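Asks: Let's see this in three dimensions:
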Amino acid sequence: MSEAIDTSADVDPYALPLEQIDVSNPSLYQHDAHWRFFERLRSEDPVHFQKDSAFGPFWSITRFDDIMAVDTNHQQFSSYPAIVIGDQDPNFIVKQFIAADPPIHDHQRRAVTPAVAPNQLARLEPLIRERIGRIMDGLPVGETFDWVDRVSIELTTQMLATLFDFPFEDRRKLTFWSDMATASPEIAGDDSVTSEERQVALTECLEVFTKLWMERVDRSPEEHADFITLMSHSQHFRDIDPMEYLGNLILLIVGGNDTTRNSMSGGVLMLNENPAEYDKLRADHGLIPNMVSEIIRYQTPLMHMRRVATEDVELGGKTIKAGDKVVMWYVSGNRDASKIDRPDEFLIDRANARNHLSFGFGVHRCLGNRLAEMQLRLVWEEIVKRFSRVEVVGPAERLKSNFVRGITRLPVVCHR
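Replies: Below you'll find the predicted structure:
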């Protein structure tokens, strides 16, 4: 195994031998120190073989076009058995449709899509706006508080409770289960909990949702388009075993939680780091929809997805062998200057702002991308109605993970 890189010091990636650049090291992301490592890989070795890592050998794909080539080719690059760089705990293996190929993937994805279909989003928008307004009206003015907890987590958890029709008073369990699902040193380097703690938490999740499944089988999916009702009435979920049910619950919970939550926090941080952009927003609230796309690009809340080569494939002048792990680093492709003008700048009026990789492409493109964009748009529409500025007053604390680009704490003060 290669020696771990000391990210507490200001390590110069250009001073390291190329083979020592291991972008799977989760400490890089905890310290937000990964940017120049990816810059060097895009420049010198965009299809980079990592022989030794804590997650085994893998290929790093770091340029926009190469990532697109992999993401849109599920025939040669399979999502099975997992979409995260690390392997699952062999004693606790879940199955989910994002880690399956067609036709299983397509059938199961199609079954739950009505929960986030355009007509459903139009129906939900007034409710989401009302909830956002209530949260904003309850925030202290002129006092320091944690934006992540009071706003980002609370809003996304309320949305998750609605998508699952989950008991509203217990909604914070959804956040807890989402965090436990992605907290694994084997999967993404997050060692904040033990494997045993994670397994206990997710077993509880399965038990609670199994009871909900049993309650939903007599419901009409035409009248109740929540995820559990839709799954319980679909022939493509009818015979799944408990670990496949849990896997798909985790997929839908994490997909609805980590992405939107961290973009809500990231947007506040980005505007504070770029005061000229905050001035643009104050001068023209009509920039909000475009700004939302720029926030999602700049944050890249899920930083990578993994595939496995089904046969020998040539990419970027390299031969990827059948069975090799291939990791698409969306967080790098979203900063590729050959595809995005001035990619390291946060520009809320950027042309073609939706030209980013954060939602993925191909058959696995994010199921809830329109919902995520709508939530972020509504959040900022309600913020600018009430506050001249949400001021960041301390350092952002970040998650130790190479998968979720998470902000765990963000102290702010709101100004009328």
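Asks: For P185, give me the pLDDT.
Replies: Note on P185: pLDDT of 84.
Asks: Quick check, it in contact with V193.
Replies: No. With contact defined as CB atoms under 8 Å, P185 does not reach V193; the gap is 9.2 Å. Quick note: C-beta positions are derived from backbone N, CA and C, even for glycine.
Asks: Give me the more crowded residue out of those two.
Replies: P185 (20 against 16; other CB atoms under 10 Å).
Asks: any idea how far T229 is from that one?
Replies: Taking CB to CB, to the nearest Å as the measure, P185 falls 36 Å from T229.
Asks: And V331, by the same measure?
Replies: For V331, the distance to T229 (CB to CB) stands at 35 Å.
Asks: what's around A337, how many residues?
Replies: For A337, the neighbour count with other CB under 10 Å is 13.
Asks: likewise A82?
Replies: 21.
Asks: Now F403: closest residue in space, sequence neighbours ignored.
Replies: Nearest non-adjacent residue to F403, counting by CB to CB, 6 or more residues apart in numbering: A188, 3.7 Å away.
Asks: Do I have it right that that neighbour meets D87?
Replies: No. Taking CB under 8 Å as the definition, A188 is not a contact partner of D87, at 11.0 Å.
Asks: between these two, which one's more packed in?
Replies: A188 (24 against 16).
Asks: separation between that one and F55?
Replies: 9 Å.
Asks: list the residues that contact both of these two?
Replies: 85-86 (CB atoms under 8 Å, 6 or more residues apart in numbering).
Asks: Which stretches in the stretch 51-200 of the chain count as strands?
Replies: Assigned by DSSP state E, counting those that start in this stretch, the stretch 51-200 of the chain shows strands spanning 58-61, 77-78, 144-146.
Asks: Report the mean per-residue pLDDT for the shortest one.
Replies: What it means is strand 77-78. On average, strand 77-78 scores 98.
Asks: Check which strands are paired with that strand and give the direction for each one.
Replies: Paired with strand 77-78 in the same sheet, following DSSP bridges, are strand 304-309 (antiparallel).
Asks: Against the centre of the chain, work out the most remote residue.
Replies: Most distant from the centre of the chain: D218, at 33.1 Å, with distances by CA atoms, centre = their mean.
Asks: ok so that one is a strand residue?
Replies: No. Checked against DSSP: H, G, I helix; E, B strand; the rest coil, D218 lies outside a strand; its state is coil.
Asks: quick one, which of V331 and T229 is more surrounded?
Replies: Per other CB under 10 Å, whichever of V331 and T229 has more neighbours is T229, with 26 against 23.
Asks: got the contact list for the more buried one?
Replies: Counting by CB under 8 Å, 6+ apart, T229 makes contact with 165, 216, 219, 221.
Asks: what does H236 give?
Replies: Counting by CB under 8 Å, 6+ apart, H236 makes contact with 104, 107-108, 110-111.
Asks: And what about it, helix, strand or coil?
Replies: With three-state DSSP as the basis, H236 sits in coil.
Asks: ok, it to I104 distance?
Replies: Per CB to CB, H236 is found 8 Å from I104.
Asks: what's the helix or strand for V379?
Replies: helix 369-386 (DSSP states H and E).
Asks: Quick check: buried residues in that helix?
Replies: Applying a neighbour-count criterion of 16 or more other CB atoms under 10 Å, one finds 369, 371-380, 382-383 buried in helix 369-386.
Asks: That one: what's the following helix or strand?
Replies: strand 389-392.
Asks: What lies in contact with that next one?
Replies: Under the criterion CB under 8 Å, 6+ apart, residues 147, 268-269, 271-272, 278, 383, 410-415 lie in contact with strand 389-392.
Asks: May I see these organised as TSV, with distance to R134 added?
Replies: Below are the contacts of strand 389-392 laid out as TSV (distance: CB to CB, whole Å):
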residue	distance to R134
W147	16
V268	19
L269	24
L271	23
N272	24
Y278	25
I383	14
L410	21
P411	22
V412	18
V413	20
C414	15
H415	20
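Asks: mind putting those in CSV, distance to E125, pLDDT and secondary structure included?
Replies: Below are the contacts of strand 389-392 laid out as CSV (distance: CB to CB, whole Å; pLDDT from 0 to 100; DSSP: H, G, I helix; E, B strand; the rest coil):
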residue, distance to E125, pLDDT, secondary structure
W147, 23, 98, helix
V268, 22, 98, helix
L269, 26, 98, helix
L271, 24, 98, helix
N272, 28, 98, helix
Y278, 26, 98, helix
I383, 17, 98, helix
L410, 26, 98, coil
P411, 30, 98, strand
V412, 26, 98, strand
V413, 29, 98, strand
C414, 24, 98, strand
H415, 27, 98, strand
